[in-house]
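**Student:** below is the sequence, then the predicted model.
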Amino acid sequence: MKLNSSPVTKYFFGGCIVVFVGIVVLAASLIRNPQEMRIVRIDEKRVSDLIRISRSVETYFHDQRRLPDTLAEVVSGNRQYVSLQDPETAAQYSYRVLDVQTFEVCAVFATSTANSKEQRFVYIGGVDRDWRHGAGQQCFKLDLKPKGE
């Protein structure tokens with residue numbers, strides 16, 4: 001049986017091959033490999049930890065009417081589990097009091113979500129805080145207001 005080798009058939013099959021290869025390349029670029037997914041999950045855990053720390057500091061601030069000097073003060077009276085260590089390196093997250101009602105929490109991130117369209121807002125200190133971040137050492141400054149202000 002002889003295949004039809006007309007120019008139309010050749011172009012049709014050639015076009016199908018180009019479309020197929022294009023779909024495979026596009027799919028491969030959209031799918032993250034397991035190592036990349038692991039790194040993203042670890043960064044998501046870092047953000048989650050910083051949010052829990054910030055909420056615990058806010059609770060402490062309202063209960064004690066001052067910011068804690070260290071994170072150890074926060075977790076000693078906290079009924080919820082709050083991780084103070086990076087999930088990958090076990091280094092302690094950074095916490096620093098900036099003034100009587102302002103503090104910052106910091107972590108070292110492996111990836112950047114700074115240009116991500118997906119925003120993660122969490123209400124802390126009376127404002128919605130955006131937790132997108134760049135790669136490397138990133139700090140989040142939070143300003144708390146005493147209750148009633």
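**Tutor:** On my side now, so go ahead.
**Student:** tell me the domain ranges of this structure?
**Tutor:** 1-31, 35-143 (automatic domain parsing).
**Student:** against Q101, how distant is R66?
**Tutor:** To Q101, R66 is 9 Å away according to CB to CB, to the nearest Å. Any C-beta I mention is one placed from the backbone N, CA and C, and that applies to glycine too.
**Student:** what about the two, which has more around it?
**Tutor:** Between R66 and Q101, counted using other CB atoms under 10 Å, Q101 has the larger neighbour count: 16 against 12.
**Student:** how many neighbours does the nearest residue to that one once chain neighbours are set aside have?
**Tutor:** Using CB to CB, 6 or more residues apart in numbering and skipping residues adjacent in sequence, the residue nearest Q101 is L144, 4.8 Å away. Applying other CB under 10 Å, we find 21 residues neighbouring L144.
**Student:** touching, Q92 and Q85? I think so.
**Tutor:** Yes - counting by CB atoms under 8 Å, Q92 touches Q85, with 5.6 Å between them.
**Student:** higher neighbour count, those two?
**Tutor:** Neighbours were counted for Q92 and for Q85 using other CB under 10 Å; Q92 has more, 14 against 11.
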